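> following is a predicted model, sequence given first.
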Amino acid sequence: MSILSDVLSTILARTPGRARAADDKRGMEELTADLLSARGEISGMTTGAQILDRYGAMDDAGKLAFFDHLAGDLGVDPASVRAALDAFEAEPGQKTYAAFLEAAEPARQELARRLNRVPGATSQLVAMRRDLLRLIPRSDPRARIDLDFQHLFASWFNRGFLVLRPISWETPARILEKIIEYEAVHAIHSWEDLRRRVGPTDRRCFAFFHPSMPQEPLIFVEVALTKGIPGSVQKLLAEDRDELQAEAADTAVFYSISNCQAGLAGISFGNSLIKQVAADLAAELPTLNTFVTLSPIPLLTRWMRENDIDPQALDQAGLRVAAARYLLTAKRPDGFPYDPVARFHLGNGALIHAVHAGADLSEKGMAESAGAMVNYLYDRDRISHNHERFAGARDVVASDEVRALLKPRRRPLEQGERKDAKPAV
């Protein structure tokens, strides 16, 4: 397939129609109609390339007009869908079923498939969806076309197509620059900062790539190999820390997971990434027996203020109690946790293992969670069980240590007071 793509790319680049693309006077609506009616591979790729080139040169007003065209002219025809369904109900067979499927699928899905035949088009279509999410609010009726992008991307970016690659100091600079750019949890401030995260023997980084976007990481995870479970990201990333030989580590800490492509929002990679990396590390280093995160709690201070809790008035013990209460009890209307990081890890089958105060003293950490962080434990023997509990009953699985933080703390006994004495009313 790679050889065929290269051949077609060369042919396309030499096609007279591509060379005259700048002089083509057809509008986008005519170009999309021609692409949908094209039967020849080369002519279709030429037209598809013109559409993508023309779209890429548009300003936001032009892109909105293009999305108007997708929403208004390339949707489904309800009358045709009803007629096809009636025909299938009257005579259920392969022919009538195929006719129903064709009528029920909006033409813009087929347009996207044909555009994707153009070499390099996948990344351009991801960028197109990024524009869609940026320009059209979810409440806008035109936002329905995003369901078509999601439907296609869920297939195109299926786990079976993704390639897991380690990121090291020897990785090409072009990709390392992307890691610096896309880091979304703990900012990488310099090349030396990056080297400390991917160079030492006790630091690892892994990313998923797609064959159609080989220079663009889709998502990556940074891992620290440690002895014991850490409770401070500053200590984990300290410049003067002592390097640990990987074979001496007993714990793999996933301390940063970053999605790289805004145009792939909602397409899940993280659950597969963590589980694959955990399996690979366990095979490489048999001494590893604990797989845990050190995760932010990004909405904690917002929730505390909404519930009349002043983060500045809490000592470290009080902050841990507030964080535990938030993680265990704060829910959305659908019953899932309010915290997005909790939804992600609990949905993957992890459990809340421990909460820490003074764990992230960066400006971002203090603003979002007053410095609190949380460990989510991936017990490989209980991941499936925990996932089922969370998905089915919305159960937030947590350690006894975390649950104990919600129990009322007893007042110290005063001198002469009996342990079983009842409080005064």
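That came through fine.

> rounded mean pLDDT for stretch 391-409, please.
Stretch 391-409 shows a mean pLDDT of 92.

> that one: which residues count as buried?
Within stretch 391-409, the residues scored as buried using 16 or more other Cβ atoms under 10 Å are 396-398, 402, 405. Any C-beta I mention is one placed from the backbone N, CA and C, and that applies to glycine too.

> ignoring the adjacent residues along the chain, who's closest to residue 249?
Among residues not flanking residue 249 along the chain, residue 225 sits closest, at 3.7 Å (Cβ to Cβ, 6 or more residues apart in numbering).

> okay, now that neighbour: neighbour count?
23 (other Cβ atoms under 10 Å).

> check the secondary structure at it for me.
Three-state assignment for residue 225 (DSSP: H, G, I helix; E, B strand; the rest coil): strand.

> quick check: it touching residue 251?
Yes: using Cβ atoms under 8 Å, residue 225 is in contact with residue 251, at 7.2 Å.

> and for these two, which residues touch both?
Both residue 225 and residue 251 are contacted by residue 288, under the criterion Cβ atoms under 8 Å, 6 or more residues apart in numbering.

> hang on, the earlier thing: biggest separation within the buried residues of stretch 391-409, which pair?
Maximum pairwise distance in those, criterion Cβ to Cβ, is 15.2 Å, between 397 and 405.

> go ahead and flag the most central residue of this structure.
With distances taken as Cα atoms, centre = their mean, the residue of the chain nearest its centroid is residue 259 (4.7 Å).

> now do the same contact list for it.
182, 184, 218-219, 265, 269-270.

> list the ones among the residues you listed that fall in strands.
residue 219 (DSSP state E).

> as a markdown table, the contacts of residue 259 with distance to residue 207 would be great.
Below are those laid out as a markdown table (distance: Cβ to Cβ, whole Å):
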| residue | distance to residue 207 |
| --- | --- |
| 182 | 9 |
| 184 | 13 |
| 218 | 7 |
| 219 | 7 |
| 265 | 17 |
| 269 | 10 |
| 270 | 12 |
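
> among the contacts of residue 259, name the buried ones.
182, 218-219, 269-270.

> and the helices in the stretch 301-425 of the chain?
Counting by DSSP state H, counting those that start in this stretch, the stretch 301-425 of the chain has helices at residues 316-329, 340-347, 363-369, 383-393, 400-404.

> tell me what the fourth one is packed against?
Spelled out, it's helix 383-393. helix 340-347 (3 or more Cβ pairs under 8 Å, 6 or more residues apart in numbering; DSSP states H and E).

> quick one on the thing from earlier: of the helices of the stretch 301-425 of the chain, which is nearest residue 177?
In this view, the helices of the stretch 301-425 of the chain are compared for proximity to residue 177 by Cβ to Cβ, and helix 363-369 is the closest at 21.7 Å.

> list the contacts of the closest one.
Outside helix 363-369, the residues that reach it (Cβ under 8 Å, 6+ apart) are 187, 233, 296-301, 323, 359-360, 371, 373.

> mind giving me the PyMOL select for the residues you listed, buried ones only?
Those of those that count as buried under 16+ other Cβ under 10 Å are selected in PyMOL with:
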select buried, resi 233+296+297+298+299+300+301+323+359+360+371+373
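
> how about the contacts of helix 363-369, which pair is most distant?
Spanning the widest gap among those are 187 and 323, at 22.6 Å by Cβ to Cβ.

> now the helices of the stretch 301-425 of the chain in TSV, with distance to residue 241?
Formatted as TSV, the helices of the stretch 301-425 of the chain follow (distance: least, Cβ to Cβ, whole Å):
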stretch	distance to residue 241
helix 316-329	23
helix 340-347	25
helix 363-369	18
helix 383-393	30
helix 400-404	26
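
> of the ones you listed, which approaches residue 129 most closely?
Proximity to residue 129 (Cβ to Cβ) singles out helix 340-347 among the helices of the stretch 301-425 of the chain, at 20.2 Å.

> same for the closest one, what does it pack against?
With contacts defined as 3+ Cβ pairs under 8 Å, 6+ apart, the packing partners of helix 340-347 are helix 270-284, strand 295-296, strand 373-377, helix 383-393.

> so where do the strands sit in this structure?
For the chain, the strands defined by DSSP E occupy 163-166, 203-209, 219-226, 251-259, 290-293, 295-296, 351-356, 373-377.

> thanks a lot, see you next time.
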